[in-house]
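In: sequence plus the predicted model coming up.
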Amino acid sequence: MKNWLNTLRTLIWKDLLQEWRSKDMLTAMLAFAILSIFIFNYAMELDPRQRAELAPGILWVVITFSGTLGLNRSFVAEQEQGSFDALVMAVPGLGSIWLAKQISNFLMMMILILIVLPVYSLLYNQNLFIPGLMMTLTLGAWSFSAAGTLLASMTAQTRMRDLLLPVLLFPILMPVNMAVVKAGTGIMTGAAVASYQVWLTVLLVYGIIMSTISLMVFDYVILE
Amino acid sequence: MLSWNKNIRLLAVFSALLILIAFGLVLYYAPVEQNMGLVQKVFYFHVSAAWLGMLAFLVAAVCAVLYLRKADLVLDAYAAASVEIGLLFTAIANFTGMIWARPVWNTWWTWDPRLTTMTIMAFTYIAYFLLRRGLDDPLKKARFGAIYLIIGFATVPLTFFSARLLRTIHPTFFGSAGAGEMAMTPAMYQTMGFSIFAFSVLFVLLLIVRTRLRLSAQWLEEQEAFQQEEEFGEVTSG
């Protein structure tokens, strides 16, 4: 068990270090995210009175779109440099490779969220660092990376690659979108906890189902 | 190898008969609904088509799970054929629903859970075929397709549940009937039951035919590849 955790940590560290050195993925994701906020500002005429209700929806769209951009890159190093075979040979148990990828994608999403939230708060003079909203976004990010990592590992092996991921991912993510936006709106407008609690349950259930399924089927993706 | 089987022809005739009878029942046996008038008659085929859309997804998901366990390409052909039929019938359900909704709800479309779930399901079906198209290796195609079908199938109930938490105006017929209840006479129930049965038989027929077509295409491809290899061998050795 201790050995296994060590492997997991090393693998996650590898992904993060690689990203830290190149900064390809995060730079592109952040630039895309902030530009989308600007586009939304002019597309929807974000009126100060409507902002509180709109903020979670806009934030989530921005986060999923830029997250998809990042997911597309998450298997590129393994694909282009063929390091995947080496990993499979070096690491005992394919499960840790899988889980590490999912966790590092999740951490990437969290970094994105932690940068986008203050930027949005600053631009609209509205404090978004509410524990409830943070929790909702964290749950959403986990569900997103659970479904996204599995699908990205498949689309990375297709001919269409980047083109295919959103088409495959968005219909699957529909319950997450609804739940994050509904729970977020409830929290932002200061509604009673009981009125949006069910959406948090939906997020939790979705995260558990998706993580379980991907742990069950991932070796069919890696299998050569 | 895969010749046109006599039993399939029999099944085809049988299902054509059933569909014709269902048409007859809808037109002449089922009474005209009091409030909605003639347009309500689209409902019998609408419900049957929607049922097939879901049945097809279920069959495909079961085939997908079995495929991952047994790695038999026949199962993959069944899954893909089922998705194909499901997509067709989901589209039929959506369009017949629109024809009905325009006069009754006074709108072509509403963000109702059933409508939303059906459409998202259709998009999952479309994505499934796009994924298959992007892969060349038939084994990988089958494996990835199966995985996608399984996660798609797991999320459909959650999508429906989530969408249902928001209010609905769609009429419900089974179980807890809310405000949108539609009173149905026995003749209406019988007609609906018969249409669903007729459509289910049609589904079985289509599933068999499309699967055989897929397997034949696969077989032909293999033969061609084999032949090309042989010719290539002759050229290099001669």
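Out: Yep, that arrived. This is a predicted model, so every value here is computed, not measured.
In: shouldn't residue A:103 be in contact with residue A:12?
Out: Yes. Taking C-beta atoms under 8 Å as the definition, residue A:103 is a contact partner of residue A:12 at 5.4 Å. Placement of C-beta: from N, CA and C, glycine included.
In: which stretches of chain B form strands?
Out: Under the criterion DSSP state E, chain B contains no strands.
In: and it, which of its residues are near chain A?
Out: B:68, B:116, B:120-121, B:123-124, B:126-127, B:130-131, B:133-136, B:140, B:143-144, B:146-148, B:150-152, B:154-155, B:158-159, B:161-163, B:165-166 (C-beta under 8 Å from any C-beta of the partner chain).
In: any of those buried? List them.
Out: With burial judged by 16 or more other C-beta atoms under 10 Å in any protein chain shown, the buried subset of the residues of chain B next to chain A is B:68, B:116, B:120-121, B:123-124, B:127, B:130-131, B:134-135, B:140, B:143-144, B:146-148, B:150-152, B:154-155, B:158-159, B:161-163.
In: name the helix or strand of chain A that has the lowest mean pLDDT.
Out: helix A:76-80 (a mean of 76; mean pLDDT, DSSP states H and E).
In: that one packs against which elements?
Out: When contacts are defined as 3 or more C-beta pairs under 8 Å, 6 or more residues apart in numbering or on different chains; DSSP states H and E, helix A:76-80 sits against helix A:83-90.
In: which residue ranges of chain A form helices?
Out: A:2-22, A:24-44, A:48-73, A:76-80, A:83-90, A:94-124, A:131-155, A:164-188, A:193-222 (DSSP state H).
In: closest to residue B:187 out of these?
Out: helix A:164-188 (38.0 Å; C-beta to C-beta).
In: does that closest one reach chain B?
Out: Yes. Contact of helix A:164-188 with chain B (C-beta under 8 Å from any C-beta) involves A:164, A:167-168, A:170-172, A:174-175, A:178-179, A:182.
In: for the least confident helix or strand of chain A, buried residues please.
Out: A:77-78.
In: what do you get for stretch A:159-168?
Out: By neighbour count on 16+ other C-beta under 10 Å, the buried set for stretch A:159-168 is A:161-162, A:164-168.
In: same check on stretch A:105-122?
Out: A:105-113, A:116-117, A:120.
In: kindly report the same for stretch A:30-48.
Out: A:30, A:32-34, A:36-37, A:40, A:46.
In: equivalent analysis for stretch B:10-23, please.
Out: Within stretch B:10-23, the residues scored as buried using 16+ other C-beta under 10 Å are B:11-12, B:15, B:18-19, B:22.
In: so which of those residues comes closest to residue B:72?
Out: residue B:11 (23.3 Å).
In: so what's the closest residue to the closest one other than its chain neighbours up against?
Out: Once flanking residues are discounted, residue B:11 sits nearest to residue B:205: 5.1 Å by C-beta to C-beta, 6 or more residues apart in numbering or on different chains. When contacts are counted by C-beta atoms under 8 Å, 6 or more residues apart in numbering or on different chains, residue B:205 is found next to B:8, B:11-12, B:15.
In: average pLDDT for the longest helix anywhere in chain B?
Out: For chain B, the helix that runs over the most residues, judged by DSSP H, is helix B:186-237. Helix B:186-237 shows a mean pLDDT of 85 in the predicted model.
In: what residue in chain A comes nearest to chain B?
Out: Residue of chain A nearest chain B, by C-beta to the nearest C-beta: residue A:158 (3.1 Å).
In: how about low-confidence regions in chain A?
Out: Across chain A, the ranges flagged by pLDDT under 70 are A:48-50, A:223-224.
In: pull the contacting residues for residue B:65.
Out: With C-beta under 8 Å, 6+ apart, residue B:65 has these contacts: B:146, B:150.
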